[in-house]
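Colleague: I'll drop the sequence and a predicted model, then ask my questions.
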Amino acid sequence: MTQQRATSSTAAIETRELQKVYRGRAVVDGLTLTVQPGEVFGFLGPNGAGKSTTVKMLLGLVHPSGGEVRVLGGHPSDPGVRSRLGFLPEQFRFQTWMTAEEFLRFHGRLAGLRADELRVRIPQVLETVGLGGRGTESLGGYSKGMLQRAGLAGAILARPQLVFLDEPTSALDPIGRVEVREIIEGLRAQGVAVFLNSHLLSEVEQVCDRVAFVKAGRVLRQGSMRELMGDVLPVGVRVDRLTPPLLEALARIGEVRHTDTQNPEHTDIELWVQRREDVPALADAVHAQGARLYALTPRQPDLETMFLELMEGTPETVAPRKEAAHV
Ligand SMILES: Nc1ncnc2c1ncn2[C@@H]1O[C@H](COP(=O)(O)OP(=O)(O)OP(=O)(O)O)[C@@H](O)[C@H]1O
C-alpha cells in the first residue's frame, strides 16, 4: 500500500474515470490519463470537447461529478499542491494600471514568495519570456503578445512543478511562438510537467512528448507521436490518368484518401499505406495498369491529419445521462 502511494505520487497528473456532469450531460465522461514529471502533454480536441472543464478540475476550480484526480501526488484543492502549479489561462485578465513588475510581485506574494526572492526572480522571468527591460511599463500599454508573455511569466514565476498552458501562443507572432516553444523545452529539461492546450497542431507536434485527443468528454486516443502515427504513411501519387482498374489496384495496397482530377494533364491521388515497402508496390501497380507515373511522394504523417481523421470518425455529441451526486 505504502509502495503504491509512493509510486502514484510521482505522477504529475493522474485521473481515473474523471467525470463532470452539467445539466444532465456529461461534458467530461470517464477521462483517464497520466502525465509524468518532465513530460509535455498535449490535450487536443474540437471546441466544446471538455478541455477547459478538465483543466478546471485539475486545478481544483471545478468539483468533479465522479472519478478520481491526483495532481503532484495530492488533491488539487490542497494549498500545498496549488502552490506548485502554474497556470496561463487563455483569457487572461490584467490589471492594466499595474506595471509588469507590480503584477508579478502581486502574483509572487500570493504564491508565497518572499520579497527578496522576488527581487531576483522577477527580472529572470521577464528575461525568459522576452520582456527584459520592459518590466516598469504599465500593462495598459502592452500589446496582446506582450500581455501573453507577461501571463506566461506569471505562470512560471514561482518555479512550479506542473504548468497548465491554455493556447499560450494565440497572440504571438512566429518568432514569439518559437520562443515559447523554447521556454516549454526549458521547463521540460528542469523536470517540470507541462499540460498544453492548443489548436495549433503543428506546434503541439513539435513540442509534445505525448498527446490525448478528446471529443465529447472522452479520450479517443492517447500516446506518443510515434505510437499515434507509427502505423500511417501518407503518400502522394501523380499519374497521367486514373482508370477504375488502377484505382482498385491502388486501394488494394493502401487507403485512398483523396483524388484530384482538376488538372487535365494529370491526376493526384493521396493514399495512406502502412509500410515503407508499400511505396514501390504503388509504382508497380501504376505500371501494371499501363499508366505513367509522374510523382511518388511519401510524406511525414502529421498530427493534423490524425486529428481530422479521428474527429470525422466519431459522433459530435454525447447522450444525456443521469446527473451524478456532486454537480
Ligand atoms: N459551467 C457550465 N455550465 C454548463 N455547461 C458548461 C459549463 N462549463 C462548460 N459547459 C459545457 O461543457 C462543454 C465543454 O466545455 P469546455 O469549455 O470544457 O470545452 P473546451 O473543449 O474547452 O472548448 P473550447 O475549445 O471551445 O475552449 C460545452 O458544451 C459547454 O457548453
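Modeller: All right, it came through fine.
Colleague: Would you confirm that residue 50 contacts residue 214?
Modeller: Yes - using Cβ atoms under 8 Å, residue 50 is in contact with residue 214, at 6.1 Å. C-betas here are computed from N, CA, C, even on glycine.
Colleague: Mind pulling up the pLDDT for the residue positioned nearest the centre of the chain?
Modeller: Centroid-nearest residue in the chain: residue 42, 2.6 Å away (criterion: Cα atoms, centre = their mean). On pLDDT, residue 42 comes in at 95.
Colleague: which residues touch it?
Modeller: Residue 42 sits next to 196-198, 204, 207-208, 210-212 when contact means Cβ atoms under 8 Å, 6 or more residues apart in numbering.
Colleague: Out of these, the closest to the ligand would be?
Modeller: Ranked by distance to the ligand (Cβ to the nearest ligand atom), the contacts of residue 42 are led by residue 197 at 7.5 Å.
Colleague: Please tell me how far the closest residue to the closest one other than its chain neighbours sits from the ligand.
Modeller: In this structure, residue 197 finds its nearest non-sequential neighbour in residue 166, 4.7 Å apart by Cβ to Cβ, 6 or more residues apart in numbering. Going from residue 166 to the ligand by Cβ to the nearest ligand atom, to the nearest Å gives 8 Å.
Colleague: rewinding a little: filter the contacts of residue 42 to the buried ones?
Modeller: 196-198, 204, 207-208, 210-212 (16 or more other Cβ atoms under 10 Å).
Colleague: so what's the residue in the chain sticking out farthest from the centre up against?
Modeller: Distance from the C-alpha centroid of the chain peaks at residue 290, with 45.6 Å (Cα atoms, centre = their mean). Residue 290 makes no contacts at all, as judged by Cβ under 8 Å, 6+ apart.
Colleague: repeat that with 10 Å
Modeller: Shown in contact with residue 290 (Cβ atoms under 10 Å, 6 or more residues apart in numbering): 240-241, 243, 245-246.
Colleague: Intersect those with the contacts of the ligand.
Modeller: When Cβ under 6 Å from any ligand atom is applied, no member of the contacts of residue 290 is adjacent to the ligand.
Colleague: Since that was my last question, I'll sign off now.
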